[in-house]
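K.L.:
Sequence below, structure please.
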Amino acid sequence: MMVAEQLRVEQADFVAAVAGKLTDFLTTRQSIMTAISPDIDPIMGSISNLVTGGKRLRALMCYWGWRGAGGPASAQDIVTAGAALELFQAAALIHDDIIDRSDTRRGGPSVHRRFSQLHESQGWALDSERFGHAAAILAGDLCLSFSEEAFTDIGETAASGSRARLIFNLMRSEVMAGQYLDILEEVAGPVRDRAGAVSRAQSIIRFKSAKYSTEHPLALGGALGGASDELLRGYSAFALPLGEAFQLRDDVLGVFGDPVTTGKPAGDDLREGKRTVLVAFALDMATPEESAFIDSKLGSPELGGDDVAEIRRIIADCGALQATEVLIGEFGDAAYAALELLPLEDLPKTALRRLAEATVSRAA
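P.N.:
Numbering: from 1, shown residues only. Model prediction:
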């Protein structure tokens, strides 16, 4: 079988196995929750809905890290690890949407919005938005608990003190730290030294997204597969710049992306007040008047289409968009160069190259 065909079949089999594992796992937990009260069913439904579909980027990075280290195809341990990562990702998405006040996710209502709508449709008492946020926080916490349960199910190679456990724990801690730095920058950024805005924004994407999107999942799979320390260092050299390119591309799409493709309203990142690398470049490179305009509009939930269009114009005309694209290219080049140095067989190396290409050039 040609490498391309083997890759297609093996990757499809793994993605299907992860989906099946998630279904089985959540079905068993559903019965436990329903025994407590049928009223909890909407929480379980929201989790099931969120882990259905998606790019499975983190699970796939984990899988090819495993295969690159010599792990067998579609072994149960790596399928379980992939499911644990998807559950953690679901928790991060639920909480992130609350923090960012984002009403949509993948073209539909975000979890907190679904619960607000449930409140409204039932005619319940008190505030629907507050109920939606509270229910979604609990749904996200439950996802975190489920993720830990799933990862523990792997057994000895994921036990306390193992390399895989250390990576899994570090990944979760860094995401929370990065998330805090993100919300801190939203409120403190306007009064902080603008000269350091790009550096702060890069630190945020590194810990909030890049490490847990690519670097840690790849290393996690490698550790579970028995990778040497040298191979794990090589994985990081490839996956960290790839993750940074991934998040920078996400930031560009958050301002310039097509809502039909991204599933988010145009300019949603601007309404959420995200001080991304793209925005930091714009604040630094635009005229004082243009920078003041961006500062005055950033984070306004009432930001209209005309204001979004004007901020887009400023970002493009001042060179901030081009500077971000250059940075994406530099991170991508660094990732590809590191990939070529990895001592991998053709199949995992080809798989990682294709994941990298899809990540750097994606439109959604």
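K.L.:
CA atoms for contacts and neighbours, from now on please.
P.N.:
Fine.
K.L.:
dump the residue contacts of residue 67.
P.N.:
73, 221, 222, 225, 348 (Cα atoms under 8 Å, 6 or more residues apart in numbering).
K.L.:
now with 7 Å?
P.N.:
If a contact means Cα atoms under 7 Å, 6 or more residues apart in numbering, then residue 67 has 73, 348 as its contacts.
K.L.:
Which of the three states applies to it?
P.N.:
Following DSSP: H, G, I helix; E, B strand; the rest coil, we place residue 67 in the helix state.
K.L.:
Please report the confidence value the model assigns to it.
P.N.:
pLDDT for residue 67: 98.
K.L.:
same thing with residue 221?
P.N.:
As summarised for this prediction, residue 221 has a pLDDT of 98.
K.L.:
going forward, begin numbering at 24 instead of 1
P.N.:
All right, first residue 24 from here; so that's residue 244.
K.L.:
hang on, it is in a strand, isn't it?
P.N.:
No - judged by three-state DSSP, residue 244 forms no part of a strand; its state is helix.
K.L.:
residue ranges with poor pLDDT in this protein?
P.N.:
For the chain, the stretches with pLDDT under 70 are 24, 386-387.
K.L.:
Would you state the strands of it in chain order?
P.N.:
If DSSP state E is used as the criterion, the strands of the chain fall at 127-128, 131-132.
K.L.:
Select, out of those strands, the one closest to residue 274.
P.N.:
With distances scored as Cα to Cα, the stretch of these nearest to residue 274 is strand 127-128 (15.5 Å).
K.L.:
Quick check: the residue nearest to residue 277 when sequence neighbours are not counted vs residue 382, distance?
P.N.:
Using Cα to Cα, 6 or more residues apart in numbering and skipping the chain neighbours, the partner closest in space to residue 277 is residue 292 (5.2 Å). Using Cα to Cα, to the nearest Å, one gets 19 Å for the distance from residue 292 to residue 382.
K.L.:
Could you check how many residues crowd around residue 143?
P.N.:
The local packing of residue 143 (other Cα atoms under 10 Å) involves 14 other residues.
K.L.:
how close does the nearest residue to residue 369 once chain neighbours are set aside sit to residue 278?
P.N.:
Ranked by Cα to Cα, 6+ apart and with sequence neighbours excluded, the top spatial neighbour of residue 369 is residue 26, at 7.3 Å. With distances taken as Cα to Cα, residue 26 is found 37 Å from residue 278.
K.L.:
These two: which is more packed in?
P.N.:
Of the pair residue 26 and residue 278, residue 278 is the one with more neighbours under other Cα under 10 Å, namely 22 against 13.
K.L.:
Pretty sure the more buried one sits against residue 295.
P.N.:
No - with contact defined as Cα atoms under 7 Å, residue 278 and residue 295 do not form a contacting pair (10.9 Å).
K.L.:
so who does residue 290 touch?
P.N.:
Under the criterion of Cα under 7 Å, 6+ apart, the neighbours of residue 290 are 277, 278, 279, 331.
K.L.:
if I look at it, how far off is residue 112?
P.N.:
The span separating residue 290 from residue 112 equals 23 Å under the rule Cα to Cα.
K.L.:
What is the neighbour count of the closest residue to residue 33 other than its chain neighbours?
P.N.:
Setting aside the residues directly before and after it, residue 33 is nearest to residue 96 in space (Cα to Cα, 6+ apart), at 7.3 Å. A count of nearby residues for residue 96, using other Cα under 10 Å, gives 16.
K.L.:
Repeat that for residue 347.
P.N.:
22.
K.L.:
picking up where we left off before, please tell me how far the residue nearest to residue 369 sits from residue 352.
P.N.:
As for residue 26, its distance to residue 352 is 27 Å (criterion: Cα to Cα).
K.L.:
so residue 237 makes contact with residue 264?
P.N.:
No - between residue 237 and residue 264 no contact is recorded; they are 9.0 Å apart, counting by Cα under 7 Å.
K.L.:
Looking at the two, which has the bigger crowd around it?
P.N.:
Here residue 237 and residue 264 are set side by side on neighbour count (other Cα under 10 Å), and the busier one is residue 237, at 30 against 25.
K.L.:
Now for that one: which residues touch it?
P.N.:
Under the criterion of Cα under 7 Å, 6+ apart, the neighbours of residue 237 are 81, 84, 262, 263, 266.
K.L.:
Most neighbours among those, which one?
P.N.:
The member of these that has the most neighbours, counting by other Cα under 10 Å, is residue 262 with 32 neighbours.
K.L.:
okay, now the closest residue to that residue other than its chain neighbours: neighbour count?
P.N.:
Counting by Cα to Cα, 6+ apart, the nearest residue to residue 262 once its immediate chain neighbours are dropped is residue 238, at 4.6 Å. Counted with other Cα under 10 Å, residues neighbouring residue 238 total 29.
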